[in-house]
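> quick check, what structure comes out for this input:
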Amino acid sequence: MNPDELMDDITDPKKRTDNFELGGIRGTGNYTLTWPELNVRATAKYFRTSHDKEVKAEIQFSSERITSQGHLRGGRVILTSPTSRNSFAKLLFDADPSVEKAEWDIIMEQLCESILTDYRSGSPEMLLTGDAKEEQAEWLIYPLIQVENPTLIFGIGSAGKSLFAQYLAVLVDAGYEHGGLKVQRKNVLYLDWETSYQELHSRVTQIRSVLGLPGKSHIWYKSMTSGIADEVETLKDIVSDKEIEFVVIDSMGTAVMGDATAQDVVLRAFMALRELKISSMIIDHPNKQETGLKALHGSVYKVNASRHVFEVLKDQQVGENVTKFGLFHRKANNTGLIKEMGWQFSFEDNRLSSIQRLSSSDISKTEMRTAQTQYDQVKNYLMSGAKTAQEIGDYMERSMAPRLSEWVRDNKLTKVGEKYALPATYDEVPYEGGAWTKI
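Sure thing, here's the model as predicted:
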């Protein structure tokens with residue numbers, strides 16, 4: 001190739017602009033575009049569609065070229081307008097004339113057309129053929145949080161919800177399995193409407209120390225003062241830039257920034273979370289001194305939008321430096337409800353000193369036992385030895401005779417004389433590394 005042909009090849013607009021790449025959070029109005037052969041990068045976000053179907057977005061161009069390193073141009077562009085495209089291409093040419101005007105024209109055409117196609121199509125249509133193979137749900141944290149789905153936990157104040165969420169954030173960040181939980185390692189974002197960076201940093205440090213994790217954590221933290229729906233464009237940037245795949249929402253009452261009983265307010269927050277396309281744990285509070293889903297503030301909308309819902313009940317005596325709490329599974333999609341899970345957080349000199357899993361029988365020794373199934377309460381009571389129907393009735397504060405007969409017929413219990421006992425084959429599944437039992 002002679003020098004003239006080489007120069008033609010380099011300066012041909014189609015040669016240097018062909019291999020552009022479209023990335024970011026697809027279908028949700030947050031995009032990254034790159035032109036590798038030109039060392040040019042663009043972002044597009046904050047989309048708005050007018051009544052006459054014009055689509056506007058905020059565009060930012062940057063460069064790694066020797067002639068124009070750093071920020072080039074930014075501004076709002078009407079993606080559907082050829083005039084707007086041409087005007088912005090001229091601004092880019094003024095910022096870096098080493099890229100030809102014809103190349104900037106092509107770049108703006110590629111940017112607008114590729115983004116419009118993806119943005120308008122949203123999620124692609126898919127064919128349901130009815131011959132799918134049964135597959136197990138994919139879990140980020142088994143059995144709590146499914147991939148790209150929200151899990152909501154709720155309970156009264158000081159029940160340990162935030163501390164537990166921070167514990168999960170540490171496990172995911174480190175890819176560390178603990179307390180019988182199976183964990184995938186992912187990048188984590190903690191959105192906080194409740195406390196402060198200093199408090200969260202101290203908590204994370206204490207949790208890592210108790211778990212004996214080496215090195216440093218890489219959990220991203222953001223203090224929030226606006227609702228999640230209002231901040232969704234900023235959050236898309238963070239999720240994309242930091243490659244976040246797990247987010248903690250602490251807490252939902254402030255994250256909605258409105259009436260938590262109103263359908264449009266709650267669903268707007270959940271739709272914003274859905275746009276991020278990541279796994280999430282949402283902390284929430286009850287509005288009544290009740291248990292079960294009816295205690296959840298604005299329950300019908302929050303429950304419907306969540307993949308799993310757990311109620312947090314606690315047992316903490318005055319003067320004790322120990323917090324015991326249980327997670328009771330109140331709602332599941334396609335997985336079945338599982339038996340309660342319990343944890344104990346112990347403190348010395350106001351610092352976390354140990355984290356332990358609690359078994360079902362451990363929970364039965366606390367005030368939380370009334371939230372267990374009747375069978376689990378009786379089963380755990382009988383682990384200390386056989387008991388008469390009267391003794392079991394006194395323990396349960398009600399007559400249990402009909403249920404005891406039913407459980408004997410179902411081989412859940414055995415009767416020896418006048419006493420009831422666990423079957424000889426009964427052996428409690430260990431929680432550490434053991435299977436999770438369905439209710």
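> now for Glu348: which residues touch it?
Asn321 (Cβ atoms under 8 Å, 6 or more residues apart in numbering). Bear in mind the C-beta positions are built from the backbone N, C-alpha and C, glycine included.
> next up, phi/psi of it, please.
Backbone torsions of Glu348, given as degrees, to the nearest 10, read phi -130, psi 130.
> isn't Leu191 right next to Val248, touching?
Yes: Leu191 is within contact range of Val248, at 6.6 Å (criterion: Cβ atoms under 8 Å).
> show me where the stretch 1-150 of the chain has helices.
3-11, 13-17, 82-95, 101-121 (DSSP state H, counting those that start in this stretch).
> quick one: low-confidence ranges for the stretch 201-350 of the chain?
288-291, 299, 316, 318 (pLDDT under 70).
> which parts of it are helices?
Going by DSSP H, counting those that start in this stretch, the stretch 201-350 of the chain shows helices at 232-242, 252-255, 263-276, 299-305.
> looking at those, which is nearest to Glu54?
Glu54 sits nearest to helix 232-242 of all these, at 18.6 Å, using Cβ to Cβ.
> list the buried ones in that closest one?
Applying a neighbour-count criterion of 16 or more other Cβ atoms under 10 Å, one finds 232-233, 235-240 buried in helix 232-242.
> same check on stretch 202-213?
So for stretch 202-213, counting by 16+ other Cβ under 10 Å, buried means 203-204, 206-208, 210, 213.
> what of stretch 213-226?
Buried, per 16+ other Cβ under 10 Å, within stretch 213-226: 213, 217, 219-221, 224.
> hang on, Thr151 packs against Ile282?
Yes: the pair Thr151 / Ile282 is scored as a contact, 7.0 Å apart, by Cβ under 8 Å.
> find residues that contact each of the two.
By Cβ under 8 Å, 6+ apart, the residues touching both Thr151 and Ile282 are Ser306.
> the two: which is more packed in?
Shown here are Thr151 and Ile282; by other Cβ atoms under 10 Å, Ile282 has more neighbours (26 against 21).
> reformat the buried residues of helix 232-242 as TSV; add distance to Ile363.
What follows is those, written out as TSV (distance: Cβ to Cβ, whole Å):
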residue	distance to Ile363
Val232	38
Glu233	43
Leu235	36
Lys236	40
Asp237	42
Ile238	38
Val239	36
Ser240	41
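> quickly name whichever of those is closest to Asn86.
Glu233 (26.2 Å).
> could you pull up the contacting residues of the closest one?
Contacts for Glu233 (Cβ under 8 Å, 6+ apart) come out as 29-30, 45-46.
> repeat the analysis, applying 10 Å as the threshold.
By Cβ atoms under 10 Å, 6 or more residues apart in numbering, the contact set of Glu233 is 28-30, 45-47, 58, 272, 275.
> what of Asn86?
By Cβ under 10 Å, 6+ apart, the neighbours of Asn86 are 101, 104-105, 108-109.
> make it 8 Å
By Cβ under 8 Å, 6+ apart, the contact set of Asn86 is 105, 108.
> can you check what pLDDT the model gives it?
According to the prediction, Asn86 has pLDDT 96.
> for the one 4 residues further on, same thing?
Looking at Lys90, its pLDDT stands at 97.
> before we move on, what about the one 3 residues further on?
Looking at Phe93, its pLDDT stands at 96.
> how close does it sit to Tyr190?
43 Å (Cβ to Cβ, to the nearest Å).
> can you check Leu211 too?
From Leu211 to Tyr190 the distance is 17 Å (Cβ to Cβ).
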